[in-house]
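> Structure, please.
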Amino acid sequence: MLEQYDDLLTAEEACEALKIGKNALYRLLNSRDLKAYRNGRVWRIPRQAVEAYIRTRAEL
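Residues are numbered from 1 along each chain as shown. As a prediction, the model looks like this:
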């Protein structure tokens, strides 16, 4: 599904993959609806977490 991305996505890549804006992505990250971690000021989002979020939201 998201094979074109590395195992860890940046915020910009996650926005592109989910087709959402940065504000929406940061809302998902801060509410922990999308699993990720911060390395200093930079968010790192595992590709598997993005895929799991899509499956959950799409009820697949």
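> Which strand in the protein has the most residues?
strand 42-46 (DSSP state E).
> element containing the nearest residue to residue 35 once chain neighbours are set aside?
What sits nearest to residue 35 in space, not counting adjacent residues and going by C-beta to C-beta, 6 or more residues apart in numbering, is residue 49, at 4.1 Å. For glycine as for every other residue, the C-beta is placed from the backbone atoms N, C-alpha and C. Counting by DSSP states H and E, the element that carries residue 49 is helix 47-58.
> Which residues does that helix contact?
With C-beta atoms under 8 Å, 6 or more residues apart in numbering as the contact definition, helix 47-58 has outside contacts at 1-2, 5-9, 14, 17-18, 28, 33-36, 60.
> In PyMOL, how would I select the buried members of those residues?
The buried subset of the contacts of helix 47-58, as determined by 16 or more other C-beta atoms under 10 Å, is captured in PyMOL by this line:
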select buried, resi 5+8+9+14+17+18+28+34+36
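> Out of the contacts of helix 47-58, list just those in helices.
With helices taken from DSSP state H, the overlap with the contacts of helix 47-58 comprises 14, 17-18, 28.
> returning to that earlier point: can you name the residues in contact with the longest strand of the chain?
Contact partners of strand 42-46, identified using C-beta under 8 Å, 6+ apart, comprise 7-11, 13-14, 29, 34-38.
> So which of those are in strands?
8-9, 37-38.
> Show me which pair in those residues is furthest apart.
For the ones in strands among the contacts of strand 42-46, the maximum inter-member distance is 13.5 Å, found between 9 and 38 (C-beta to C-beta).
> residues near residue 58, how many?
7 (other C-beta atoms under 10 Å).
> show me the contacts for the residue lying closest to residue 34 once chain neighbours are set aside.
Closest residue in space to residue 34, ignoring its immediate chain neighbours: residue 28 at 4.1 Å, by C-beta to C-beta, 6+ apart. Neighbour list for residue 28: 20, 34, 53 [criterion: C-beta under 8 Å, 6+ apart].
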